[in-house]
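Structure for the following, please:
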Amino acid sequence: MRKFLYLSIIEKLKQLTDPHGNPVIRTFDLWNEQVEFIEQEEAFDTPAVFIEFTPVKWNTLGGGVQRAEVTIRLHIINGWDGSARDGSLYQQQSLDRFDLLDRIDHHLFNFAGSNRQTDFNMFRRVGSSTNHNHEELVEDISDYTCMVMDAVRKE
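Residues are numbered from 1 along each chain as shown. Below you'll find the predicted structure:
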């Protein structure tokens, strides 16, 4: 389930492009507190999206099918371009990160996917956190939930 959901989110977000048709988001990975340990991390380009899976509680429906409401946290990392203060030369550049957050939120609304084992739907934003204490990298967080149906296959 996690692998399918992870790869599906990446493919969906790769559809966000700039006016020249290039993907807006340059790095995707699983969340591993990359911002906390920046000196120890492999360098990455921004904007970046790191995907975190929160704990999941499953309900068994029968017939080898389980259902859960899954919460996924996106850590959206941008470089800090300068002050957003009114009158600042960098105000527009600094506020561009909010445009990206809005684009991601709108693009993922009602996102759904299916393979022969896992179905997910009703992708909805349920929380967001704006970073107000940063240095050269800004980490904003968006939480989403979706309903997942997973068929248990015997190996």
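
ok now do residue 69, which residues does it touch?
Under the criterion of Cβ atoms under 8 Å, 6 or more residues apart in numbering, the contact list for residue 69 reads 145-148. In this view, the C-beta of every residue, glycine as well, is placed from N, C-alpha and C.

so what's it bridging to?
The bridge-partner assignment for residue 69, based on DSSP bridges, gives residue 147.

just to revisit the earlier point, now that we have the contacts of residue 69, which of them are buried?
145-146, 148 (16 or more other Cβ atoms under 10 Å).

Show me where this structure has its helices.
Remark: helices assigned in the chain by DSSP state H are 2-13, 91-108.

Pull the distance from the shortest one to the chain's centre.
Okay, so that is helix 2-13. For helix 2-13, the separation from the chain centroid amounts to 9 Å (computed by Cα atoms, centre = their mean, to the nearest Å).

other SSEs contacting it?
strand 27-30, strand 48-53, strand 65-79, helix 91-108, strand 113-114, strand 118-129 (3 or more Cβ pairs under 8 Å, 6 or more residues apart in numbering; DSSP states H and E).

Residues in contact with the lowest-mean-pLDDT helix or strand in the chain: which ones?
Between all helices and strands in the chain, the lowest mean by mean pLDDT, DSSP states H and E belongs to helix 91-108, at a mean of 87. Outside helix 91-108, the residues that touch it by Cβ under 8 Å, 6+ apart are 9, 12-13, 15-16, 24, 47, 49, 74, 76, 78, 80-85, 88, 123, 125, 128, 138, 140, 142, 144.

ok, back up a step: for the helices and strands packed on helix 2-13, which one sits closest to residue 3?
With Cβ to Cβ as the measure, strand 118-129 is the member of those nearest residue 3 (9.2 Å).

how about the closest one: buried residues?
For strand 118-129, the neighbour count (16+ other Cβ under 10 Å) marks 118-120, 123-125 as buried.

of all these, which comes closest to residue 36?
The shortest approach to residue 36 among these belongs to residue 125, at 24.0 Å (Cβ to Cβ).

Which positions are bridged to the spatially most central residue of the chain in the beta structure?
In the chain, the C-alpha nearest the mean C-alpha coordinate belongs to residue 74, at 3.0 Å (Cα atoms, centre = their mean). Beta bridges link residue 74 to residue 51, residue 142 when assigned by DSSP bridges.

close enough to count as contact, it and residue 48?
No - between residue 74 and residue 48 there is no contact under Cβ atoms under 8 Å: 10.2 Å.
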